[in-house]
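J.: coordinates only, no sequence provided:
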């Protein structure tokens, strides 16, 4: 009967065995060294923390106090202030909205009441002075800017409108465009054109975008820049055909082409 020997491994020669053992000892030594270094690092860290425990705790305390202080400020100071500001601007808003529907001297009078206040109520300027850091104070800059624009105080209008900031789809470009209107009244068409361009690009919508593209085109014509005027007029014609401004494109397009 045939028999088979079990497969096995040939015993390693002495030199080979010694080399393996030596490599193992080196690896073991290296590993031990790594752990020793880690232990030393950990010990140094512990020592540093122990030695600097007081300033660390003070630093943590400062951060905690700052966070709690911010939350407390928001809850107990800023929120009530926002509420007070909203209450105090109410009458000025009524004057402002009434002025939008008025004309002539009555309109000027209402805008002045909105700015200065009346019947013992805050005006927009009072709101700005007392609640400048609030959202209502920010909005008061917009109202004040428009009021000054409509009463012929163009530098004051620019001053307040430049301080106003908003992410609103409509109000944000209207504020930029109103600065352009103020510069036009000051006979500074270059600055006006810059703000009309900013207003047109700030938001894309069917109301403000064609409105300020047309103003930019007309201002460019005044500056004898027919190419720029044509560009803006063509943009209205291509992208905002249903807008009120689209009906005026043909009136100015011929002038723009004639300048080139």
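T.: On my side now, so go ahead. The model shown is predicted, which means the values in this text are computed figures rather than measured ones.

J.: only C-alpha atoms from now on, for both contacts and neighbour counts.
T.: Will do.

J.: so where's the stretch 1-150 of the chain shaky on pLDDT?
T.: Scanning the stretch 1-150 of the chain for pLDDT under 70 picks out 1-78.

J.: measure the spatially most central residue of the chain to residue 188 for me?
T.: Nearest to the mean C-alpha position of the chain, by C-alpha atoms, centre = their mean, lies residue 167 at 7.3 Å. When distance is defined by C-alpha to C-alpha, to the nearest Å, residue 167 is 27 Å away from residue 188.

J.: next: residue 150.
T.: Distance, residue 150 to residue 188, using C-alpha to C-alpha: 18 Å.

J.: neighbour-wise, which of these two wins?
T.: Each of residue 150 and residue 188 has its neighbours counted (other C-alpha atoms under 10 Å); residue 150 has more, 17 against 13.

J.: what residues are up against that one?
T.: By C-alpha atoms under 8 Å, 6 or more residues apart in numbering, the contact set of residue 150 is 108, 111.

J.: do you know how far it is from residue 97?
T.: Per C-alpha to C-alpha, residue 150 is found 13 Å from residue 97.

J.: that older thread, just say helix, strand or coil for the residue nearest to the centre of the chain.
T.: coil (DSSP: H, G, I helix; E, B strand; the rest coil).

J.: torsion angles phi and psi at it?
T.: phi -100, psi 10 (degrees, to the nearest 10).

J.: does the closest residue to residue 88 other than its chain neighbours sit in a helix, a strand or a coil?
T.: Of all residues not flanking residue 88 in the chain, residue 122 sits nearest, at 5.8 Å (C-alpha to C-alpha, 6 or more residues apart in numbering). When classified by three-state DSSP, residue 122 comes out as coil.

J.: residue 122 against residue 116, yeah?
T.: Yes - applying C-alpha atoms under 8 Å as the test, residue 122 and residue 116 come out as touching, 7.2 Å apart.

J.: of these two, give the one with the bigger neighbour count.
T.: Between residue 122 and residue 116, residue 122 has the larger neighbour count (other C-alpha under 10 Å), namely 23 against 17.

J.: and that one, what does it touch?
T.: Neighbouring residues of residue 122 by C-alpha under 8 Å, 6+ apart: 88, 89, 91, 92, 116.

J.: closest one of those residues to residue 184?
T.: Of all the contacts of residue 122, residue 184 sits closest to residue 116, with 25.8 Å by C-alpha to C-alpha.

J.: once you drop chain neighbours, what's closest to that closest one?
T.: Using C-alpha to C-alpha, 6+ apart and skipping the chain neighbours, the partner closest in space to residue 116 is residue 123 (4.4 Å).

J.: what count of nearby residues applies to the one you found?
T.: Counted with other C-alpha under 10 Å, residue 123 comes out at 26.

J.: would you list the phi and psi of it?
T.: Residue 123 has phi and psi values of phi -100, psi 180 when expressed as degrees, to the nearest 10.

J.: thinking it is in contact with residue 113, fair?
T.: Yes - with contact defined as C-alpha under 8 Å, residue 123 counts as touching residue 113 (6.8 Å).

J.: between those two, which contacts overlap?
T.: With C-alpha under 8 Å, 6+ apart as the test, residue 123 and residue 113 both reach residue 92.

J.: returning to what we had before: and the residue nearest to residue 116, how far from residue 141?
T.: 11 Å.

J.: list the contacts for residue 252?
T.: Residue 252 is in contact with 218, 233, counting by C-alpha under 8 Å, 6+ apart.

J.: what helix or strand is it on?
T.: Assessed by DSSP states H and E, residue 252 sits inside helix 249-258.

J.: how about that helix: buried residues?
T.: Judged by neighbour count (16 or more other C-alpha atoms under 10 Å), helix 249-258 contains these buried residues: 249, 252, 253, 255, 256.

J.: per-residue pLDDT of the residue nearest to residue 190 when sequence neighbours are not counted, please?
T.: Nearest residue to residue 190, sequence neighbours excluded (C-alpha to C-alpha, 6+ apart): residue 223, at 7.6 Å. pLDDT, residue 223: 97.
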